[in-house]
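Peer 1: sharing a model prediction with you, sequence too.
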Amino acid sequence: MENHVRSALVPLYPRLRRFAVALTGSSAEGDDLVQHACERALARTCQWQPGTRLDSWLYRIIQNTWVDERKSVRSRTQAPIEAATDAIGDDGVRRAEARLTLDNVYRELCNLPEEQRAVLTLVCVDGLSYKEVAEILGVPVGTVMSRVARGRLALAERIKASGAHSADNILKLR
Amino acid sequence: MTVFIDDATLAAYVDGELDPAQLREIDRLLTSDPQARHKVRRMREATALLRSACAESHFQEVPDRLMTLVEKRSTRSRTPWRHWMMAASVLLICLAGGGYVLDHQAWRAETVTTADNREAMLDEIAAYHLIYARQTEHLAEVSAERREHIEAWLGSLLNRTLKVPDLSSQGLKFEGARLLAIDAHPVAQLLWSREYGDPVAICVTFGAPESKPLDIQRHRGLNVGAWDENGYTYVVVGALTEDSVRRIAAKVDIDIGDGEVPQHG
């Protein structure tokens, strides 16, 4: 079982990191969180049930690790939200309007409350069901439902307010 | 009378969380509620933008500290690579003249050696690896049981004798091979599984006539080690630390030997 988990960590890493960055709102903190969560996952691989989704199990560990870390550092100030270009690996040269817009979208996501960032990433980007997300985050399905709705509309508002272009333009450019 | 549809229900509608009866009901209500339709459109647009902005490719750079963590168990019993270099009793890939010589010179003639194309090839090998490495039940196209066939098949495509190495001493188990076609050139991919960690592959294809030392680069979040020797390009790819790549590469390099030019035709 440990082999399976160990083997899956690298292929799953981009998704784990994406979720961790969404939770923390910071690329550097997200990286640390994934690392700590992976260490924790490998120390308790026997807790993963074969036949269940490994990614969901790892997401849950990331969520729990994040909760624990926040508890242990009560005085932690909100990490500054870095520019989206830093977080998503842009080379610093904004080459296209599409890239600008996507940077903007990412930045606006980071500016949403943590609980909305988490559900939007898991539901809208990862495509997990509300039930799966509720289990990962340890909240009722109804809470996921309302957070997804509020978060998505808030994001749409922020994108509009910050001058982002329509999804149509982006999809054409990508 | 217009029935108010709350935002949470609209979100569930967009996310496919409603059952068929609820779905039909919302479809019906939306026809007479332009404000709700507008919200649905905004939610869908936001989702599309979010998916693009948060594509996996933006987060794929795997740090060495995670690689080290993944490999931790398997590295405990490893011997430094210089020791393996001295213990060259097991061949990884042996080049020799003759054998399986078919008329595939056209591929060699067209082999592109520019830096850009080399980079593109390495990137594509890494991309392939990310896909194949997840296919644990169908890792290889031709399974390890057909080792002799693999050696004959891929060797003939590359105008050389190709011997599948025994990497069991490295904790690797040969799983088989597949043929990749990158930029219309044949690339022999030999695959090994590990007790701990993702599969590892060695790729062999026609390369530049001049030799190039091992260079390790990051592609798609993986360490990819490549070098050129005697007209062939060798690539080590996997979720490996740089040290692991160097160990494997050093062994291959020793086994190939100096100035061992394969005979073609």
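Peer 2: On my side now, so go ahead.

Peer 1: tell me the pLDDT at residue 66?
Peer 2: Looking at chain A here, since you left the chain open. Looking at A:W66, its pLDDT is 91.

Peer 1: try again with chain B
Peer 2: At B:L66, pLDDT is 87.

Peer 1: same check, this time on the one 3 residues further on
Peer 2: Per-residue confidence at B:L69 stands at 84 (pLDDT).

Peer 1: my guess is it meets A:L42, correct?
Peer 2: Yes: judged on C-beta atoms under 8 Å, B:L69 makes contact with A:L42 at a distance of 7.0 Å. (Each C-beta comes from the backbone N, C-alpha and C, glycine too.)

Peer 1: for those two, list the residues in contact with both.
Peer 2: When C-beta atoms under 8 Å, 6 or more residues apart in numbering or on different chains defines a contact, the residues bordering B:L69 and A:L42 alike are A:L9.

Peer 1: give me the low-pLDDT residue ranges for chain A?
Peer 2: A:1, A:72-99, A:163-174 (pLDDT under 70).

Peer 1: which parts of it are strands?
Peer 2: Ranges of strands in chain A, per DSSP state E: none exist.

Peer 1: so which residue is dead centre in it?
Peer 2: For chain A, A:F19 is the residue whose C-alpha lies nearest the centre (C-alpha atoms, centre = their mean; 2.3 Å).

Peer 1: identify the residues contacting that one.
Peer 2: With C-beta under 8 Å, 6+ apart, A:F19 has these contacts: A:Y59, A:I62, A:A118, A:T121, A:L122, A:D126.

Peer 1: how's the chain carved up into domains?
Peer 2: As the question left the chain open, I've gone with chain A. A:1-74, A:92-174 (automatic domain parsing).

Peer 1: oops, chain B please
Peer 2: Taken from automatic domain parsing, chain B resolves into B:7-54, B:62-256.

Peer 1: TSV please, covering the ones you listed and showing mean neighbour count.
Peer 2: Below are the domains of chain B laid out as TSV (neighbours: other C-beta atoms under 10 Å in any protein chain shown):
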stretch	mean neighbour count
domain B:7-54	17
domain B:62-256	18
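
Peer 1: now B:E210: how far from chain A?
Peer 2: Separation of B:E210 from chain A (C-beta to the nearest C-beta, to the nearest Å): 30 Å.

Peer 1: which residues of chain B score low on pLDDT?
Peer 2: B:1-3, B:72-114, B:134, B:136-137, B:169, B:196-197, B:252-265.

Peer 1: how about the helices in it?
Peer 2: B:7-14, B:20-30, B:34-53, B:64-75, B:81-86, B:105-110, B:115-132, B:147-157, B:242-256 (DSSP state H).

Peer 1: CA atoms of the top helix by length along chain A as CSV?
Peer 2: Longest helix in chain A, counting residues (DSSP H): helix A:2-24. Extracted in CSV, the C-alpha atoms of helix A:2-24 (Å, rounded to 0.1, in the frame of the first residue of the first chain):
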residue,chain,number,x,y,z
GLU,A,2,2.9,2.3,0.9
ASN,A,3,4.3,1.7,-2.6
HIS,A,4,1.1,2.7,-4.2
VAL,A,5,0.9,6.0,-2.3
ARG,A,6,4.6,6.7,-2.8
SER,A,7,4.3,6.1,-6.5
ALA,A,8,1.3,8.4,-6.8
LEU,A,9,2.7,11.4,-5.1
VAL,A,10,4.6,12.8,-8.1
PRO,A,11,1.9,12.4,-10.7
LEU,A,12,-0.6,13.9,-8.3
TYR,A,13,1.8,16.7,-7.1
PRO,A,14,0.4,19.4,-9.5
ARG,A,15,-3.1,18.9,-8.2
LEU,A,16,-2.0,18.7,-4.6
ARG,A,17,0.0,21.8,-4.9
ARG,A,18,-2.8,23.7,-6.6
PHE,A,19,-5.1,22.8,-3.7
ALA,A,20,-2.5,23.7,-1.1
VAL,A,21,-1.8,27.1,-2.7
ALA,A,22,-5.5,27.7,-2.8
LEU,A,23,-5.8,26.9,0.9
THR,A,24,-2.9,29.0,2.0
